[in-house]
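In: got a sequence here, can you model it:
(one chain, ligands or ions: 1)
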Amino acid sequence: MASTAVARGVTPVVIEQAAVPLERVLGAEMGQFCADLQRANGVELHTGQAVSSVRTTADGVVVRTDGGLEVTGDAVVIAVGAQPNTDVARASGISVSNGVLVDEHCRTSIEGVYAAGDVANHRHPLYDRWLRVEHFDNANKQAMAAAKNILGGAVVYDDPHWFWSDQFGLNLQHCGDAHGWDRLVVRGSVAESDFIAFYLAGGVLRAAFTAERGGDVYAAKELIARQAAPDPRRLADEDVDLMDLMDELPEAAEAAPSGGN
Ligand SMILES: Cc1cc2nc3c(=O)[nH]c(=O)nc-3n(C[C@H](O)[C@H](O)[C@H](O)COP(=O)(O)OP(=O)(O)OC[C@H]3O[C@@H](n4cnc5c(N)ncnc54)[C@H](O)[C@@H]3O)c2cc1C
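Out: Residues are numbered from 1 along each chain as shown. Reported below is the predicted structural model:
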């Protein structure tokens, strides 16, 4: 929204309660990259401030924060996430918790009932945790896996997840699930907005975030899907082709994900 507003000649003020934007998904360092990107492009970004009130006055809409900030604007966009509507599922006796709970085959707790997309909280076999994802790539692929299983298949939905966004003229992409990561390895230049950042947990590649490196995402996704544990020095080395890292994986780990694609 901020990027589009700037492109339309509007100066947006962004108020974020976390220390940096996207901190929950990307961590502090890459979140700082996003903050710098916004500020460098004319966004007035306030972090560490939670909105405490919004009211309409004769001068415009006034937003106040718990940190004492007061901003008056022509319009306010509230972008604080979405809550899955699970009323029908709950009333039907289907298990819900942050969405409709589904197993790796997209099955709910009731025989013959499946769920996919934003509303599904999926036991992801790759990350071994419940994951509810609000992106259309997941909604498409998970729905396909569910449909195949409804038709008698036995598809395990284990897509690593992927989304992209164009902001301030930069192409940003993210794949995987960085939850629990303990090491960040950067290939390229963050200062020049031309990099891929790898998130590893216990040496295993879990997620990647790219700026202007969409071409690397295919290999990163495959490495994540195969639970590869690449040498961090080689991940950081521009001279090492990421496809080579994929080819070097041991045979046993090369079972292609069933994905539901
Ligand atoms: C403003 C916005 C921007 C977005 N931008 C992106 C983006 O850039 N990239 C990206 O990957 N994703 C984006 N998304 C997310 C993406 O749109 C969703 O992930 C995707 O639409 C999810 O698909 P779905 O089929 O699970 O749910 P939905 O598309 O929400 O479809 C669910 C449908 O079920 C219907 N429904 C609900 N309850 C009932 C009922 N009881 N009976 C019958 N029908 C019912 C609803 O009316 C709705 O039509 C964006 C979402 C929003 C809101």
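In: the one helix or strand Asp244 maps to: which residues count as buried?
Out: Assignment of secondary structure by DSSP states H and E places Asp244 within helix 242-247. Within helix 242-247, the residues scored as buried using 16 or more other CB atoms under 10 Å are 242, 245-246. For glycine as for every other residue, the C-beta is placed from the backbone atoms N, C-alpha and C.
In: what's the answer for stretch 204-217, then?
Out: Along stretch 204-217, these residues count as buried under the neighbour rule (16+ other CB under 10 Å): 205-213, 216-217.
In: stretch 50-61 now?
Out: For stretch 50-61, the buried set under the neighbour-count rule, 16+ other CB under 10 Å, comprises Val51.
In: pop out the phi and psi values for the residue in the stretch 151-261 of the chain that the ligand sits nearest to.
Out: Relative to the ligand, the nearest point of the stretch 151-261 of the chain is Phe163 (4.7 Å; CB to the nearest ligand atom). Main-chain torsions, Phe163, degrees, to the nearest 10: phi -150, psi 160.
In: in space, what's closest to it - neighbours in sequence excluded?
Out: Counting by CB to CB, 6 or more residues apart in numbering, Phe163 lies nearest to His135, which is 4.3 Å off, once chain neighbours are set aside.
In: wait, what's in contact with that neighbour?
Out: 161-163 (CB atoms under 8 Å, 6 or more residues apart in numbering).
In: and the pLDDT for the residue in the stretch 51-200 of the chain that the ligand sits nearest to?
Out: Shortest the stretch 51-200 of the chain-to-the ligand distance, computed as CB to the nearest ligand atom: residue-wise this is Gly117, at 2.1 Å. Per-residue confidence (pLDDT) for Gly117: 98.
In: name the helix or strand for Ile78, please.
Out: Under DSSP H and E, no helix or strand contains Ile78.
In: any idea how far stretch 130-142 is from the middle of the chain?
Out: Relative to the mean C-alpha coordinate of its chain, stretch 130-142 is positioned 10 Å out (CA atoms, centre = their mean, to the nearest Å).
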